[in-house]
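>>> everything below, folded, please.
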Amino acid sequence: MNDILVNDKFLIEDYYNKINNLIIKSKINVVKNINYEMVNLYYNIGAIINEMIEKYNLINSQNEIIKVFSLKLTKEFGEGFSVPNLKKMKKFYLTYKSGSTLWNQLSWSHNRLIMNIPNEEKRNFYLQEAIKSKWSVRQLERQINSFYYERLLSTSNEYKDDVRNEINTLEKQENIKDFIKNPYVLEFLDIKDKRFLEKDLENNLLEHLKEFLLELGRGFSFVARQKRIDADGDNFYIDLVFYNYVLKCFVLIDLKLEKLTHQDIGQMDFYVRYFDNEIKESSDNPTIGIILCSAKNDTIVKYSILNDSNKIFASKYQLYLPSEKEFIKEIKKFQN
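Residues are numbered from 1 along each chain as shown. As a prediction, the model looks like this:
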C-alpha cells in the first residue's frame, strides 16, 4: 500500500506543489522583511544625521559631517553609504517626519522617486497608488513622467475638489472620475506613421495590452475586442470591452482617429444603455463608456450628455510622453 502511494505521480505532484508554494511564499516574506528593515534603517539614519545638525546648529558644516559619516560607514559596512546616499536619507526623513508612514510599504527605489515630488498631496497620491496597484519602480517612474496625477485632476474642474478629497484617504468608496484621465498617453505603441487606421490603433493597443492596462489604471481586465451587438438585425461593434473589478462594472472603449462628434457620443450612449440592459449582471454597477479621440470639440462636450454624465466620458489620446511645458499648456487650455 505504501509503495502505491509513493508511486502515485498525482499525489507526489500535489504535495510537491504545496512545498513549492510554501518556499515561494517564505522567500517573498523574507524579501518584504528585508525591504521593510532597510527602508526603516535609512529613515532612522536620516533622522540621526538631521538631529545632530539641527541640535548643534551645524547647517553650514553639514556637508563635511556627512563626508565623515560616509567614510566611516563605508569602511565598516561597505557600499551604500556614499555622500549622495546619506543626503538622500536625510531628505527622506525630512520629507516624512511629520506626515505619511506609507513609505515603509514601498522599496527604497520607489521612495527615492516619490520623495523628490515637492507637493505633499501629489506625493501621497503616488504613495497610495504605488501600493494599491503594486507598481514596479519602472511603472511608477512612467506614471510620474506621464503626469498621471495631473491628468486625473484635469478630467473636470467641477470635480477637482472631489478628486482631491478622494485622494486623501485610502479607505474610501471608489470615485469613477478617479479612473478617467485626460489625456491618455500611449507612447508605448509602435505606430510611427501618422497615417494609420482605427484598426491599427486597436491592434497596437492589444499587442501592448500590459502597458495599456497600466495606463488605464487600477483594476482593469480585458474582456473582448469588436464586441458585437445585435439590435433587431443590425450589427454594431464595440472596439474594446474591459471589466474593472474595483468599480465592479464594464468599461467600453471606442477609438476615434478624428475630432469628437455628437454622433460618437450618441453611439457610445447606445452601447452603454445596451450593456446595462442586456449584458451586465444585477451585481454589477452601471456600465462606463470612454471615447478615445485625437481631439475634442469643447462646444459639443458642453452641450451634450458628456457635460454632466458620470457614465460616458471623452478623453484625448496622444502617442508621446508630454513635456512639462506641453502638459501645462494643455491643462490651461482644458481649464478655460
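
>>> so which residues of the stretch 201-336 of the chain form strands?
Ranges of strands in the stretch 201-336 of the chain, per DSSP state E, counting those that start in this stretch, are 220-231, 234-244, 249-259, 288-295, 312-318.

>>> the domain parsing of this structure - what is it?
2-98, 175-335 (automatic domain parsing).

>>> so which of the ones you listed comes closest to residue 122?
For the domains of the chain, the distance to residue 122 is smallest for domain 2-98, at 12.5 Å, taking Cβ to Cβ. Quick note: C-beta positions are derived from backbone N, CA and C, even for glycine.

>>> which residue packs closest to the residue nearest to the spatial centre of the chain, ignoring adjacent ones?
For the chain, residue 217 is the residue whose C-alpha lies nearest the centre (Cα atoms, centre = their mean; 4.9 Å). Nearest residue to residue 217 in three dimensions, chain neighbours excluded: residue 179, at 5.2 Å (Cβ to Cβ, 6 or more residues apart in numbering).

>>> the one you found - how many residues pack around it?
21 (other Cβ atoms under 10 Å).

>>> give the contact list for it.
Residue 179 makes contacts with 216, 217, 218, 219, 244, 246, 247, as judged by Cβ atoms under 8 Å, 6 or more residues apart in numbering.

>>> what about the longest helix in the chain?
For the chain, the helix reaching the highest residue count under DSSP state H is reported as helix 9-55.

>>> what helices or strands is the helix or strand just after that helix leaning on?
Counting by DSSP states H and E, the next helix or strand C-terminal to helix 9-55 is helix 62-77. Helix 62-77 sits against helix 9-55, helix 83-96, with contacts defined as 3 or more Cβ pairs under 8 Å, 6 or more residues apart in numbering; DSSP states H and E.

>>> what's the mean pLDDT across the following helix or strand past the shortest one?
Scanning forward in sequence from helix 83-96 by DSSP H and E, the next helix or strand is helix 108-114. pLDDT averaged over helix 108-114 equals 94, rounded to a whole number.

>>> hmm, who's touching helix 108-114?
35, 38-39, 42, 88, 92, 103, 106, 123, 126-127, 130, 135, 137, 140-141, 144.

>>> report the buried residues of it.
By neighbour count with 16 or more other Cβ atoms under 10 Å, helix 108-114 contains the buried residues 108, 110, 111, 112, 113, 114.

>>> where does pLDDT dip in the stretch 151-300 of the chain?
The stretch 151-300 of the chain contains residues with pLDDT under 70 at 154-175, 192-194.

>>> if you set the cut-off to 50 instead, what comes out?
156-173 (pLDDT under 50).

>>> okay, now the residue lying closest to residue 67 once chain neighbours are set aside: neighbour count?
Nearest residue to residue 67, sequence neighbours excluded (Cβ to Cβ, 6+ apart): residue 83, at 5.8 Å. Using other Cβ under 10 Å, residue 83 has 14 other residues around it.

>>> my guess is residue 83 contacts residue 65. True?
No - counting by Cβ atoms under 8 Å, residue 83 does not reach residue 65; the two are 10.4 Å apart.

>>> mind putting the domains of the chain in TSV, distance to residue 153 included?
What follows is those, written out as TSV (distance: least, Cβ to Cβ, whole Å):
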stretch	distance to residue 153
domain 2-98	22
domain 175-335	9
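
>>> circling back to that earlier point, let's have the strands of the stretch 201-336 of the chain in JSON lines, adding mean neighbour count.
Shown next, in JSON lines, are the strands of the stretch 201-336 of the chain (neighbours: other Cβ atoms under 10 Å):
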{"stretch": "strand 220-231", "mean neighbour count": "13"}
{"stretch": "strand 234-244", "mean neighbour count": "17"}
{"stretch": "strand 249-259", "mean neighbour count": "19"}
{"stretch": "strand 288-295", "mean neighbour count": "21"}
{"stretch": "strand 312-318", "mean neighbour count": "20"}
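
>>> out of these, flag the one nearest residue 197.
Checking the strands of the stretch 201-336 of the chain against residue 197 by Cβ to Cβ gives strand 249-259 as the closest, at 7.4 Å.

>>> and the closest one, how far out from the chain middle?
On the basis of Cα atoms, centre = their mean, to the nearest Å, strand 249-259 sits 20 Å off its chain's mean C-alpha point.

>>> show me what that strand is packed against.
Packing partners of strand 249-259 (3+ Cβ pairs under 8 Å, 6+ apart): helix 198-207, strand 220-231, strand 234-244, helix 262-278, strand 288-295.

>>> turn the ones you listed into a markdown table, columns for distance to residue 13.
Compiled in a markdown table, the helices and strands packed on strand 249-259 are given as follows (distance: least, Cβ to Cβ, whole Å):
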| stretch | distance to residue 13 |
| --- | --- |
| helix 198-207 | 35 |
| strand 220-231 | 29 |
| strand 234-244 | 33 |
| helix 262-278 | 42 |
| strand 288-295 | 43 |
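
>>> residue 73: which of the ones you listed is closest?
Using Cβ to Cβ, the helices and strands packed on strand 249-259 put strand 220-231 closest to residue 73, at 44.6 Å.

>>> now do that closest one: which elements does it pack against?
Counting contacts by 3+ Cβ pairs under 8 Å, 6+ apart, strand 220-231 is packed against helix 198-207, helix 209-216, strand 234-244, strand 249-259, helix 262-278.

>>> thinking residue 207 is in contact with residue 186, fair?
No - contact criterion Cβ under 8 Å: residue 207 and residue 186 do not qualify, at 11.9 Å.
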